[in-house]
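Undergrad: Next come a sequence and a model predicted from it.
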Amino acid sequence: MTKINSRFKSVWDALEDDPEKIADLKMRSQLLIHIAEKIKAEKLTQQAAARRLRITQPRVNALLNGKIENFRIGTLITLANRLGLHVSLKIAV
């Protein structure tokens with residue numbers, strides 16, 4: 001059995017080859033993390049978070065359990081805004 005030692009900049013770089021998909025996953029994961037942290041910091045129940053975010057409780061559960069594939073970047077930006085988080089984009093050249 002051959003052991004391959006590879007180092008990646010992020011888990012997304014290890015899981016995905018397409019640079020565009022990697023960038024999308026990185027942005028979505030950061031948004032998802034911050035949203036979940038805000039919900040936890042405010043000690044919101046899933047039901048209270050669902051009301052505030054205007055989504056269903058199962059969607060809140062998916063969000064808190066890191067189901068990144070269930071959320072598009074635009075949706076996550078909207079949810080972040082509903083929690084009072086400011087989302088900005090920095091473009092590097």
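TA: Here it is on my side, so go on.

Undergrad: Packing partners of the helix or strand where Ala80 lies?
TA: Assigned by DSSP states H and E, Ala80 belongs to helix 73-82. Secondary-structure packing of helix 73-82 (3 or more CB pairs under 8 Å, 6 or more residues apart in numbering; DSSP states H and E): helix 19-41, helix 46-53. Glycine gets a C-beta too; all of them are placed from N, C-alpha and C.

Undergrad: Scan the helices and strands of this structure for the one with the lowest mean pLDDT.
TA: helix 11-15 (a mean of 57; mean pLDDT, DSSP states H and E).

Undergrad: which residue is nearest the centroid of the chain?
TA: Leu32 (2.3 Å; CA atoms, centre = their mean).

Undergrad: shouldn't Met27 be in contact with Ile73?
TA: Yes. The pair Met27 / Ile73 is scored as a contact, 5.8 Å apart, by CB atoms under 8 Å.

Undergrad: low pLDDT regions in this structure?
TA: 1-16 (pLDDT under 70).

Undergrad: Try it again at 80.
TA: Filtered on pLDDT under 80, the chain yields the residue ranges 1-18.

Undergrad: what about Val60, how many residues close to it?
TA: 24 (other CB atoms under 10 Å).

Undergrad: ok, now the one 5 residues further on?
TA: Counted with other CB under 10 Å, the burial measure for Asn65 works out to 11 neighbours.

Undergrad: for the one 10 residues further on, same thing?
TA: Residues lying near Thr75 (other CB under 10 Å) number 16.

Undergrad: Alright, calling it a day.
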